[in-house]
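Visitor: only geometry, no sequence info:
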Ligand SMILES: Nc1ncnc2c1ncn2[C@@H]1O[C@H](COP(=O)(O)OP(=O)(O)O)[C@@H](O)[C@H]1O
Ligand SMILES: [Mg+2]
């Protein structure tokens with residue numbers, strides 16, 4: 001992990017004569033807490049307009065190896081006076097985003113008290129991030145067709161087996177969103193691959209739940225499908241483990257409850273996700289555990305029914321034994337096996353699950369032997385409770401018919417007892433739902449742009465990187481509704 005700072009925050013207190021000032025640095029995958037209480041913050045201001053725990057500035061590295069630049073966010077920690085970025089309030093409440101991505105030159109102020117200002121500067125040049133992913137020339141022209149609604153920037157957030165994910169901005173609300181770019185130029189437009197991508201977008205538009213990533217729009221051109229979704233400002237569970245290495249069991253239970261709420265919801269609609277894993281589960285607000293968790297990447301999902309779901313999908317590591325038996329169909333319970341593996345991975349932390357790459361389980365006995373080896377390694381120091389072991393063993397039943405349903409798994413004692421924990425989980429989950437708004441899009445979501453003439457020409461029509469960055473920044477600053485003092 002690179003240890004060079006990626007950002008710098010210069011603060012200035014103009015209420016003093018002469019004004020006070022200082023500087024702090026932002027490092028990859030680290031959080032800086034800001035507030036009035038010296039004991040609970042890294043940077044403390046004695047000023048009474050600042051709450052005891054006011055805000056945090058954190059960076060998220062999705063995957064350093066693949067060269068995506070880290071993103072730096074500011075989040076209001078439920079302060080009394082609120083937090084504003086360039087005059088636009090963030091925090092809890094209708095129409096506000098809890099966190100906000102910081103761009104070079106942004107100014108953070110404490111609510112309507114601009115005498116205390118924190119200026120953010122990006123220090124990208126000091127790091128070795130590769131800009132290995134970029135929109136193609138053609139895609140730059142295609143995105144012009146919907147630039148009055150969404151501006152796609154050149155900043156990538158992540159990538160996976162199927163697409164590259166870019167940062168974008170919603171022109172109307174000024175909020176950051178993401179644009180998942182699927183290059184379909186290699187395929188015929190009637191091919192299975194293109195149908196699968198369309199299905200992912202259409203399916204997302206029918207799902208409406210706090211633990212599912214909300215979709216905002218989708219566009220199809222001759223060569224590309226663009227899917228616009230909310231930005232999960234806390235990164236994915238993989239980046240969460242990269243950050244903390246290990247999580248405590250309480251935190252893992254809190255994550256698994258939310259994952260299972262999402263899984264039970266899609267299963268109630270007959271949909272199997274089929275690719276549940278660290279990288280496909282997003283932290284909605286901040287890279288801290290009790291916050292909102294969302295299932296994403298429905299690219300491999302399928303509708304279960306008799307004789308359906310035969311294709312070998314998902315990631316090796318999380319795939320149940322029945323998927324390796326030729327011609328054997330599978331059902332919703334593939335997700336429960338993956339939930340078991342996910343819990344095991346979270347308990348182990350950033351370390352890889354030993355030996356799983358090569359293991360193909362042929363019987364319950366083999367699964368049991370594997371699990372007892374892992375539980376023995378975890379040891380009696382309390383890395384995992386007996387209830388946790390029982391939950392994982394239940395999900396990893398070799399016979400898919402013996403696995404619990406998502407609802408039964410949710411009601412397992414590991415995620416429900418003791419009552420004091422359950423009350424706490426429920427309170428946090430109700431709190432998390434506040435940052436969720438029901439879906440605005442209607443099925444079928446994909447707008448067909450194939451007959452629209454391409455914008456731009458070889459020269460003037462193609463936005464330069466700089467123009468695109470400026471446009472995106474303008475879009476983000478645009479939302480007049482939440483402006484203070486304007
Ligand atoms: N809405 C989002 N907010 C934040 N990060 C995202 C979002 N969508 C995707 N990502 C990041 O990009 C990666 C790839 O996206 P994903 O949808 O899983 O694509 P693929 O289908 O290619 O696997 C994810 O693992 C995640 O880290
Ligand atoms: Mg993925």
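Guide: Nice, I can see it. Keep in mind the model is a prediction, meaning the values are calculated, not measured. Ligands and ions are numbered 1, 2, ... in the order given.
Visitor: contacts and neighbour counts: CA atoms only from here.
Guide: OK.
Visitor: Now do the same for residue 258: helix, strand or coil?
Guide: Secondary structure for residue 258, judged by DSSP: H, G, I helix; E, B strand; the rest coil, is helix.
Visitor: measure it to residue 177 for me?
Guide: 22 Å (Cα to Cα, to the nearest Å).
Visitor: how many neighbours does the residue of the stretch 101-250 of the chain found nearest ligand 2 have?
Guide: Using Cα to the ion, the single residue of the stretch 101-250 of the chain nearest to ligand 2 is residue 160, 4.8 Å away. As a burial measure, residue 160 scores 10 neighbours (other Cα atoms under 10 Å).
Visitor: Same check on residue 56?
Guide: 20.
Visitor: again, but for the one 3 residues further on
Guide: In terms of burial, residue 59 registers 27 neighbours under the definition other Cα under 10 Å.
Visitor: With residue 97 instead?
Guide: Residue 97, neighbours per other Cα under 10 Å, totals 19.
Visitor: Look up the closest residue to it, ignoring the ones flanking it.
Guide: Spatial nearest neighbour of residue 97, chain neighbours left out: residue 90 (5.4 Å); criterion: Cα to Cα, 6 or more residues apart in numbering.
Visitor: And the pLDDT for the one you found?
Guide: Looking at residue 90, its pLDDT stands at 86.
Visitor: what's the answer for residue 134, then?
Guide: Residue 134 is assigned a pLDDT of 83 by the prediction.
Visitor: Just to be sure, it is in a helix?
Guide: No - assigned with three-state DSSP, residue 134 falls outside any helix and is coil.
Visitor: Surely it and residue 154 touch.
Guide: Yes - counting by Cα atoms under 8 Å, residue 134 does reach residue 154; the two are 6.2 Å apart.
Visitor: how many other residues sit next to residue 141?
Guide: Per other Cα under 10 Å, the neighbour tally for residue 141 reads 18.
Visitor: for the chain, what are the low-confidence residue spans?
Guide: 1-2, 63-66, 93-95, 124-132, 303-314, 356-358, 379-382, 455-486 (pLDDT under 70).
Visitor: now residue 262: how far from ligand 2?
Guide: 16 Å (Cα to the ion, to the nearest Å).
Visitor: What about the residue lying closest to that residue once chain neighbours are set aside? Give its phi and psi, please.
Guide: Of all residues not flanking residue 262 in the chain, residue 211 sits nearest, at 5.0 Å (Cα to Cα, 6+ apart). The phi and psi values for residue 211, taken as degrees, to the nearest 10, are phi -100, psi 20.
Visitor: How about the contacts made by residue 211?
Guide: Taking Cα atoms under 8 Å, 6 or more residues apart in numbering, we find residue 211 in contact with 258-259, 261-262, 292-295.
Visitor: likewise residue 347?
Guide: Under the criterion of Cα under 8 Å, 6+ apart, the contact list for residue 347 reads 246-249, 252, 383-384.
Visitor: Which one (most neighbours) among those residues?
Guide: Sorting those by how many neighbours each has (other Cα under 10 Å) puts residue 252 first, at 20 neighbours.
Visitor: Tell me where the stretch 151-300 of the chain has strands.
Guide: 164-170, 176-183, 215-220, 224-230, 271-272, 281-283, 293-295 (DSSP state E, counting those that start in this stretch).
Visitor: Does anything pack onto the fourth one? Which helices or strands?
Guide: So that's strand 224-230. strand 176-183, helix 192-206, strand 215-220 (3 or more Cα pairs under 8 Å, 6 or more residues apart in numbering; DSSP states H and E).
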